[in-house]
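Q: Need coordinates for the following:
(2 chains)
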Amino acid sequence: MKYSLLIGVAALSLSACGDQAGGGGSGSARDQIRAVGSSTVYPFATAVAEQFVNANPGMKSPIIESTGTGGGMKLFCAGVGAQYPDIEDASRRIKKSEFELCQKNGVKEIIEIQVGVDGLAFAESKKGPGMKLTPVMIYKALADNPFGKGKNKTETWKDVDPSLPAIPISVFGPPSTSGTRDSLAELVLTKGCESDPAMEELKKKNEDEFKATCTRVREDGKYVDSGENDNLIVQKLGANPNAVGIFGYSFLEENKDTLNDIPLNGVQATYETVSTGQYPGARPLYIYVKKAHIAAIPGLKAYLEAFAAGWEPGGYLTKRGMVASPDDVRKASAEAVKNLTVLDGASLK
Amino acid sequence: MTTRNPTDWKSDVMRRRIARRYGAERRFRLLGLAAVLVSAGFLAFLLISMVGNGIRGFTRTEILVPIDFSTAPMVVDPATLKGANADQALANAGLPNVTNLAAIAAFGPKGDELLSPNAWLTVRDAIKADPSILGKKETLALPSSTAIDLAAKSKGSPEAEAAYAKLAQANAVSTGFNASFLTASDATDPTQVGIWGAFKGSLLTMLVTLALSFPVGVATALYLEEYAPKTWWTDIIEVSINNLAAVPSIIFGLLGLSIFLNLLDFPRSAALVGGMTLALMTMPVIVIAGRNAIKAVPPSIRDAALGVGASPVQVVFHHVLPLALPGILTGTIIGMARALGETAPLLMIGMRAFIATPPGGVTDPATVLPVQIFLWSDEVSKGFVEKTSAAIIVLLAFLLAMNGLAIYLRNKFEKRW
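A: Numbers count the residues shown, from 1 in each chain, chains lettered A, B, ... in the order given. Alright, predicted model coming up:
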């Protein structure tokens, strides 16, 4: 009895060891597409993956990993080969520094495809005070050092602007690794910051200091970093009617029964205003593909085509909450998929 | 010589003292009872809310849709359905369109929105199972959309509830046990998701963890207890192992990322790397449990075995190890149960991914149950709330089975002296 137990355990260990010796190679070719990147693009990339498998039943399902845009760029730009991802999902455009990292590591040819638009939605609970905000107010409320005039001392929204209610500032938003956070910095905070002419001058004089002043968010607990989990923010808003949440438009769309949209500059976040770019928080979503992988990874081209099939207005991606890009952008993106146009780094910031 | 007076138990002082002692006794007992009640209350709250939410995740709503394949706008050559290319032939046959048209014909202009976007897969499987239905009219039970599914569980929006009431009146809808939740893998539509892929990933990961941590852990424990000389060198090893058992799991994740992925170039997201990372975490637990179990074997048994001429190796393998094994196994299973519930280190090595194909081996990309729960909790669609709870129930059942096995092994093989 005792022996059989011992032998059983030993056999189990051995069989698993053998299993392990069989694999473990890394340089071998891969028969699955791998994508990394933004949690905002993740639900759309997975929807495309599903369509792709349904249309090509022989293929293995693509592996989509949600790492945040910044984290994904690091993995994507690490090199060319089977152990590096084929696609980067991004909720902002690739940065010059990231593009250079890619070039340095041999990822020379990158195809840029804009797949759609997402809105950076500001929302509050249905029981909330019904705030109306502008980028300047948000900047004043959230910046660490508003207009470079010392630490942010505002306690309530009324301190920010007399038209707002006297309730404590409490904002739940994305962490610094998130592309959504980059969009917040670029689309809202920087816009609010630039309303001061002194900042415009600073931008010409000292770009780094301008960036720090305009995009650094306060760290005294008024802005609560809520991880990459947008559902958590939705729940927090339900429990705390005076708080403001920042997340992707699709989450607002899905939770319209509990949340109210906060208009920016008087513009509500709706499908139309986001699509046309009239809503200040609208931002494009991209995927980046390594051209060198197109021939090596089976199905990669078909996956891109499945993406293109879904991003039309009324397509399956828009049914899942993605906002279709304007017509000319869609046309350019379709061209990029067809001709595998390589991105020229000169236009990047 | 002083004479001591016998204690006057009836005096006021003594009575008060006794009353105080009894009082303290009673208070302590009640405090203990309250502590048990509080922890049982937390457990009951967790279980009731999980089961309350999750039990609905095991069911799904199906809509009966009559489809007339003989007149449907599709061309399928029955001959192509025999071979391996059946899926490919059916994928190109325009089934989504046929399904949507049938729903519109049956339930009015918005009929297609009542069905899950992937409802045509059920139609495909029905044709594959019985190609003869292609020539006739057939009523199929197709999965409903998330909105209708939530309405069937009285959690939907007013419009969906109205649409559901209409369907229920026509007797075209049923809610039943969803077997595909246990056999399918991750999907983007909550009506289509399943737990099998993550479950298999967990199994493979645990297998690798066991294969690595058990032999190494037991060998370490045996050496340290039976052979190692007592020097400051072994003291350092002992302290390090105890410290290692208390290191936060995320640290092991970072270690796995930098060693296994960056240095050794093992495949990302694979159960192999996950298992190796968790093995690092489980090993110290096994060493500590193993040493305690080996220590508990009475020295008289070793002495007796040596006395009748057994070699030290024979003593270890014939007597000490078999007697210590129940304790070692209990420790191992408890360590494994901890590893099973672990998420943080696996996020670091890329097991946080959308994986719709169940892993075929330890080097295939995989995800595990707790990570799957974490991923679903972050999904946009509301249908995922109950699926998340349902996945938690599966994880709890898995844990319960492992802990049950630990108790069984202990009771079956335990020896008392």
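Q: burial measure for the closest residue to chain A within the stretch 251-400 of chain B, as a count.
A: Using Cβ to the nearest Cβ, the closest approach of the stretch 251-400 of chain B to chain A is made by B:Thr363 at 3.1 Å. Any C-beta I mention is one placed from the backbone N, CA and C, and that applies to glycine too. By other Cβ atoms under 10 Å in any protein chain shown, 23 other residues sit near B:Thr363.
Q: got it, and B:Tyr223?
A: Other residues lying near B:Tyr223 total 14 when counted by other Cβ under 10 Å.
Q: quick one: pLDDT of it?
A: Per-residue pLDDT puts B:Tyr223 at 91.
Q: wait, isn't the residue of the stretch 251-400 of chain B closest to chain A in contact with B:Ala270?
A: Yes: using Cβ atoms under 8 Å, B:Thr363 is in contact with B:Ala270, at 5.0 Å.
Q: State whether B:Leu64 is indeed within a strand.
A: Yes: judged by DSSP: H, G, I helix; E, B strand; the rest coil, B:Leu64 forms part of a strand.
Q: quick one: it from B:Ala102, how far?
A: 11 Å (Cβ to Cβ, to the nearest Å).
Q: hang on, A:Gln114 is in a helix, isn't it?
A: No: assigned with three-state DSSP, A:Gln114 falls outside any helix and is strand.
Q: what residue is smack in the middle of chain B?
A: B:Leu395 (2.8 Å; Cα atoms, centre = their mean).
Q: Quick check, it in contact with B:Phe374.
A: No: assessed by Cβ under 8 Å, B:Leu395 is found out of contact with B:Phe374, at 11.1 Å.
Q: Can you get me a residue count around B:Ile236?
A: 10.
Q: ditto for B:Lys295
A: Applying other Cβ under 10 Å, I find that B:Lys295 has 12 neighbouring residues.
Q: dump the residue contacts of it.
A: By Cβ atoms under 8 Å, 6 or more residues apart in numbering or on different chains, the contact list for B:Lys295 reads B:Glu225.
Q: ditto for A:Leu202
A: A:Leu202 sits next to A:148, A:209-210, A:213 when contact means Cβ under 8 Å, 6+ apart.
Q: mind running it again at 7 Å?
A: A:209-210, A:213 (Cβ atoms under 7 Å, 6 or more residues apart in numbering or on different chains).
Q: and chain B, which of these contact it?
A: Near chain B, judged by Cβ under 7 Å from any Cβ of the partner chain, there are no entries from these.
Q: looking at this, A:Arg283 is in a strand?
A: Yes: under three-state DSSP, A:Arg283 falls within a strand.
Q: Can you tell me how far it is from A:Val234?
A: 20 Å.
Q: again with B:Trp232
A: B:Trp232 is 56 Å from A:Val234, by Cβ to Cβ.
Q: B:Phe266 too?
A: Distance, B:Phe266 to A:Val234, using Cβ to Cβ: 37 Å.
Q: thinking again about what came up before, okay, B:Trp232 and A:Val234: which has more neighbours?
A: Ranked by neighbour count (other Cβ under 10 Å), B:Trp232 and A:Val234 place A:Val234 first, with 22 against 7.
Q: And chain A, what are its domain boundaries?
A: Domain ranges of chain A: A:31-117+A:283-347, A:119-282, per automatic domain parsing.
Q: Going by mean pLDDT, which of these comes out lowest?
A: domain A:119-282 has the lowest average pLDDT among these, namely a mean of 83.
Q: the strands in the stretch 151-300 of chain B, which residues?
A: B:173-177 (DSSP state E, counting those that start in this stretch).
Q: tell me the pLDDT at the residue in it positioned nearest to chain A?
A: In the stretch 151-300 of chain B, no residue comes nearer to chain A than B:Ala211, which is 3.3 Å away by Cβ to the nearest Cβ. With respect to pLDDT, B:Ala211 has a value of 93.
Q: Can you tell me the number of residues neighbouring it?
A: 24.
Q: got it, and B:Ala390?
A: Neighbours around B:Ala390, by other Cβ under 10 Å: 26.
Q: what do you get for B:Leu203?
A: The burial count for B:Leu203: 16, using other Cβ under 10 Å.
Q: Distance-wise, check it relative to B:Trp196.
A: 10 Å.
Q: and what of B:Asn292?
A: 37 Å.
Q: And for A:Ala243?
A: 39 Å.
Q: more crowded one of the two?
A: A:Ala243 (21 against 16).
Q: Find the residue closest to the more buried one in space, skipping its chain neighbours.
A: A:Ser170 (4.3 Å; Cβ to Cβ, 6 or more residues apart in numbering or on different chains).
Q: Run through the residues that contact that neighbour.
A: Applying Cβ under 7 Å, 6+ apart, the residues near A:Ser170 are A:222, A:240, A:242-243.
Q: and chain B, which of its residues are near chain A?
A: Checking chain B against chain A by Cβ under 7 Å from any Cβ, the hits are B:87-88, B:91, B:117, B:121, B:157, B:187-188, B:207-208, B:210-211, B:214-215, B:265-269, B:272, B:322, B:325, B:350, B:352-357, B:361-363, B:365, B:377-378, B:380-382.
Q: Is there a quick ChimeraX command that grabs whichever of the residues you listed are buried?
A: To isolate the buried ones among these in ChimeraX, judged by 16 or more other Cβ atoms under 10 Å in any protein chain shown, type:
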select /B:87,91,117,121,187,188,207,208,210,211,214,215,266,267,268,269,272,322,325,350,352,353,354,355,356,357,362,363,365,377,378,380,381,382
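Q: can you tell me which of the residues of chain B next to chain A are in helices?
A: Among these, the residues falling in helices (DSSP state H) are B:87-88, B:91, B:121, B:207-208, B:210-211, B:214-215, B:272, B:322, B:325, B:377.
Q: Give me the phi and psi for the residue nearest to A:Ser61 when sequence neighbours are not counted.
A: Leaving aside its sequence neighbours, A:Ser61 sits nearest to B:Ala356 (Cβ to Cβ, 6+ apart; 3.6 Å). Phi and psi for B:Ala356, reported as degrees, to the nearest 10, are phi -90, psi -10.
Q: State the pLDDT value of B:Ala356.
A: Reported pLDDT for B:Ala356: 84.
Q: Now do stretch B:257-269: distance from first to last residue.
A: End-to-end distance of stretch B:257-269 (Cα to Cα, to the nearest Å): 10 Å.
Q: count of neighbours near A:Leu300?
A: 22.
Q: quick one, what contacts it?
A: Contacts of A:Leu300 by Cβ under 7 Å, 6+ apart are A:33, A:86, A:293-294.
Q: Check the contact between B:Glu62 and B:Thr139; I expect there is one.
A: No: assessed by Cβ atoms under 7 Å, B:Glu62 is found out of contact with B:Thr139, at 11.3 Å.
Q: between the two, who's got more neighbours?
A: B:Glu62 (24 against 12).
Q: can you count the residues close to the spatially closest residue to the more buried one that is not a sequence neighbour?
A: Leaving out its chain neighbours, the residue that sits closest to B:Glu62 by Cβ to Cβ, 6+ apart is B:Ala141, at 4.1 Å. With neighbours defined by other Cβ under 10 Å, the count for B:Ala141 comes to 16.
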